[in-house]
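Engineer: sequence and predicted structure are below.
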Amino acid sequence: MRPSLWKNMFRLLAAMLVLPSVSSAQPLEVLYFEYPPYYHALPDGRAAGLIVDLAGRVFAKAGVEAEFHFVPAKRILLDIQTGQPVASLGWFKTPEREEFARFSLPIYINRPVGVFFLREKEDLFRPYKTLEALMADGKLLMGRVAGLSDGPQIDAILAKYPDRIVHVTADSVRLTKMLESGRFDFFLLPPEEIDALLHEAQASPENFALKAMSDIPQGNSRHIMYAKTVDDALIRKVDQAILTEIGDIAPKP
């Protein structure tokens, strides 16, 4: 067993001895970070966004009182790893995260991500039809927000080429600014995020292009992620509400 897994298990066991669990009869603290169009804070402090709205419908259907709180992404992961009885919205389900968290049924499926780059460099990307070929060739650098996943399929491709990725401790807005300044050549982005991202970055859409890759045939599913201290019955009620309000949208083999 990996040392990191032992560490996570020890922290979780310690936390479960001292932390209360949350049941469906109690308010559920739901954490989110700034990531439009999925979730963001309105000027009055209320949570809004595509996935916030979906989750609000689901929690209401399940009879769960949800309290949304804005928290930085790293803090969300720490709270869930250490067993705070909280949930968070819109996360990809990965084997690493399943070591310390539980996941709902899919609440949203992204459109397939593409390679996002400056339009003036379009000729450089023309030869590549797959992400694998682009990464293997090694001529172009990719930017990526440190610590975030692009889903198991993409993560597996990128893990083979660590020296061709520039990790950025920031968000997608900073990533866009660095792309414009030439720190790297592209990053990965779902189509539905483009408008909100470029608006936030104060960048012109005419300056950018998005290219689909044939080895990324479908989008990633996003889930509600729970600490393992959250009551099983609550999670089951929310899953049933997802099926009722959204349907079974899990990707089929």
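Structural biologist: All right, it came through fine.

Engineer: CA atoms for contacts and neighbours, from now on please.
Structural biologist: Fine.

Engineer: what ranges does this structure have for its strands?
Structural biologist: Ranges of strands within the chain are 28-32, 40-41, 47-48, 66-70, 86-91, 101-103, 108-109, 114-118, 142-145, 165-168, 187-189, 208-212, 221-227, based on DSSP state E.

Engineer: weakest of those strands by average pLDDT?
Structural biologist: Between the strands of the chain, the one with the least mean pLDDT is strand 40-41; it has a mean of 90.

Engineer: give me the most central residue, the chain.
Structural biologist: Trp91 (4.1 Å; CA atoms, centre = their mean).

Engineer: my guess is it contacts Ile224. True?
Structural biologist: Yes. In this structure Trp91 lies within contact range of Ile224 using CA atoms under 8 Å: 6.4 Å.

Engineer: and Leu179, how many neighbours does it have?
Structural biologist: Leu179 is flanked by 19 other residues according to other CA atoms under 10 Å.

Engineer: try Leu148
Structural biologist: Based on other CA under 10 Å, the number of other residues close to Leu148 is 14.

Engineer: what does it show for phi and psi?
Structural biologist: For Leu148, the backbone dihedrals are phi -100, psi 150 (criterion: degrees, to the nearest 10).

Engineer: pLDDT score for it?
Structural biologist: With respect to pLDDT, Leu148 scores 81.

Engineer: same check, this time on Ser4
Structural biologist: Confidence per residue is given as pLDDT, and for Ser4 that number is 51.

Engineer: kindly report the same for Pro20.
Structural biologist: With respect to pLDDT, Pro20 has a value of 51.

Engineer: quick one: Ser221 and Phe92 touch, right?
Structural biologist: Yes. Using CA under 8 Å, Ser221 and Phe92 qualify as a contacting pair, with a distance of 6.4 Å.

Engineer: near Ile107, how many residues? Count them for me, please.
Structural biologist: For Ile107, the number of neighbouring residues by other CA under 10 Å comes to 25.

Engineer: from Asp137, how far off is the residue nearest to it when sequence neighbours are not counted?
Structural biologist: If you skip the residues right next to it in sequence, Ile107 has His223 as its closest partner in space, 5.4 Å away by CA to CA, 6 or more residues apart in numbering. Here the criterion is CA to CA, to the nearest Å. By it, His223 lies 33 Å from Asp137.
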